[in-house]
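> Below is the structure, and that's it, no one-letter string:
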């Protein structure tokens, strides 16, 4: 049996085939995927949280926001471009050298996740990160919940980040339908 080369199938290995079909399709090996849907976005309203969201390119709070996601797979990674209304959030996902962790670069921030199957969904467990290349203590990242699953035939997601002193930086949940695959 040949080992998978696409990022998520390689990281999840034997657990890959137990995931819901919409999850496997979104995180599979197609060169480019475009999806559209809706997201409910929440976050603290105070100035420090608003400034940090803007600096990192995170979406602003608002109900039922139109969401468009493009995933471009090339080389050893993926570039995710998310458009929440007029706000563009872009990150680069790559596998760690040890082949067990996922790295997500979001502006000057690099997050390190361990992916685990939870039922038919993916639970992204934050294990650490770096800011401008410098390692930060895990406590600086607060609580991060990130889950990729399915609601019927749709891809569903729930991401929530709470940071020390600021509270809920951003939380978004919603669904996506794949509209184009290259």
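Cool, got the structure. Note that this is a predicted model, so its numbers are computed, not measured.
> can you pull out the helices in the chain?
7-12, 21-26, 47-56 (DSSP state H).
> OK, contacts around residue 25?
Applying CB atoms under 8 Å, 6 or more residues apart in numbering, we find residue 25 in contact with 33, 155, 178. Backbone N, C-alpha and C define where each C-beta goes, glycine included.
> what's the neighbour count on the last one?
Counted with other CB atoms under 10 Å, the neighbours of residue 178 add up to 19.
> Do I have it right that it meets residue 35?
Yes: using CB atoms under 8 Å, residue 178 is in contact with residue 35, at 4.8 Å.
> intersection of neighbour lists for the two?
Residues touching both residue 178 and residue 35 comprise 26, 155, with contact defined as CB under 8 Å, 6+ apart.
> okay, now the closest residue to residue 105 other than its chain neighbours: neighbour count?
Leaving aside its sequence neighbours, residue 105 sits nearest to residue 92 (CB to CB, 6 or more residues apart in numbering; 4.5 Å). Applying other CB under 10 Å, we find 14 residues neighbouring residue 92.
> Quick check: bridge partners of residue 92?
For residue 92, the beta-bridge partners under DSSP bridges are residue 79, residue 105.
> same deal with residue 121?
Per DSSP bridges, the residues bridged to residue 121 are residue 118.
> how many other residues sit next to it?
A count of neighbours around residue 121, defined by other CB under 10 Å, yields 17.
> got the contact list for it?
With contact taken as CB under 8 Å, 6+ apart, residue 121 is in contact with 19, 20, 23, 147, 148, 149, 150.
> and residue 86, which of the helices of the chain is closest to it?
Among these, the nearest to residue 86 by CB to CB is helix 47-56 (12.8 Å).
> So for the closest one, what gets flagged as buried?
By neighbour count with 16 or more other CB atoms under 10 Å, helix 47-56 contains the buried residues 49, 50, 52, 53, 56.
> So in the protein, which strand runs the longest?
Longest strand of the chain, by residue count under DSSP state E: strand 167-181.
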